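Asker: here is a sequence together with a model predicted from it:
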Amino acid sequence: MNVVYSTYEAKARFSEVLRLVREGTTVTVSYRGDPVAEIRPIEKASGTVEEHFARLEKRGILVPARGTRKPLKTGAPKPGALARFLADRGD
C-alpha cells in the first residue's frame, strides 16, 4: 500500500507518516502533484558481511580491488620512539 501526502500534509502530519512507515507502509511525498520523495521502512540487514559486500558491488557502490596486495607487516617497537617523534616535531 502506498500513501501519498503533499509536502504541506506530510509536514503537518509527520507523526502519522512515521506511524504508517513503522507499520510497513511506503509514503510518497508530492510537491504540486508530482512525487518528489518516498519515505519507507529501513530494510533489516541480513546475511553475512560477504553477502552485504556482494549486494553493494551489485548496486555499484563498492568496487572490488584490482590485483592482490601483500599483507602489511608490523615492525617491532623501538624504545624511545615517542621521544624521537616529539623531538622531530619540535615539542
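Answerer: Perfect, thanks for sending it.

Asker: now the helix or strand where Ala37 lies: buried residues?
Answerer: In this assignment (DSSP states H and E), Ala37 forms part of strand 34-39. Of the residues in strand 34-39, Ile39 count as buried by neighbour count, 16 or more other CB atoms under 10 Å. C-beta: built from backbone N, CA, C; applies to glycine.

Asker: for stretch 71-91, same thing?
Answerer: Within stretch 71-91, no residue counts as buried by 16+ other CB under 10 Å.

Asker: same thing with stretch 4-17?
Answerer: Under 16+ other CB under 10 Å, the buried positions of stretch 4-17 are 5, 10, 17.

Asker: out of those, who's nearest Glu50?
Answerer: Nearest to Glu50 out of the buried residues of stretch 4-17 is Val17 (CB to CB; 35.7 Å).

Asker: name the nearest residue to that closest one, sequence neighbours excluded.
Answerer: Nearest non-adjacent residue to Val17, counting by CB to CB, 6 or more residues apart in numbering: Val27, 5.2 Å away.

Asker: now do the helix or strand containing that neighbour, average pLDDT.
Answerer: Here Val27, judged by DSSP H and E, is contained in strand 26-31. Strand 26-31 carries an average pLDDT of 96.

Asker: what's the answer for stretch 56-72, then?
Answerer: Across stretch 56-72, the per-residue pLDDT values average to 85.

Asker: and it, C-alpha only, in PDB?
Answerer: Extracted C-alpha coordinates of stretch 56-72, given in PDB (Å, rounded to 0.1, in the frame of the first residue of the first chain):
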ATOM      1  CA  LEU A  56      27.000  -3.300  -2.600                       C
ATOM      2  CA  GLU A  57      29.000  -4.400  -5.600                       C
ATOM      3  CA  LYS A  58      25.800  -5.300  -7.500                       C
ATOM      4  CA  ARG A  59      24.400  -1.800  -6.800                       C
ATOM      5  CA  GLY A  60      27.700  -0.200  -8.000                       C
ATOM      6  CA  ILE A  61      28.500   1.300  -4.600                       C
ATOM      7  CA  LEU A  62      31.500  -0.900  -3.900                       C
ATOM      8  CA  VAL A  63      34.200  -1.700  -6.500                       C
ATOM      9  CA  PRO A  64      36.500  -4.700  -5.800                       C
ATOM     10  CA  ALA A  65      40.200  -4.100  -5.600                       C
ATOM     11  CA  ARG A  66      42.300  -4.900  -8.600                       C
ATOM     12  CA  GLY A  67      45.100  -7.400  -8.200                       C
ATOM     13  CA  THR A  68      46.300  -8.700  -4.900                       C
ATOM     14  CA  ARG A  69      48.200  -6.900  -2.200                       C
ATOM     15  CA  LYS A  70      50.600  -8.300   0.300                       C
ATOM     16  CA  PRO A  71      49.500  -8.100   3.900                       C
ATOM     17  CA  LEU A  72      51.100  -5.200   5.900                       C
END
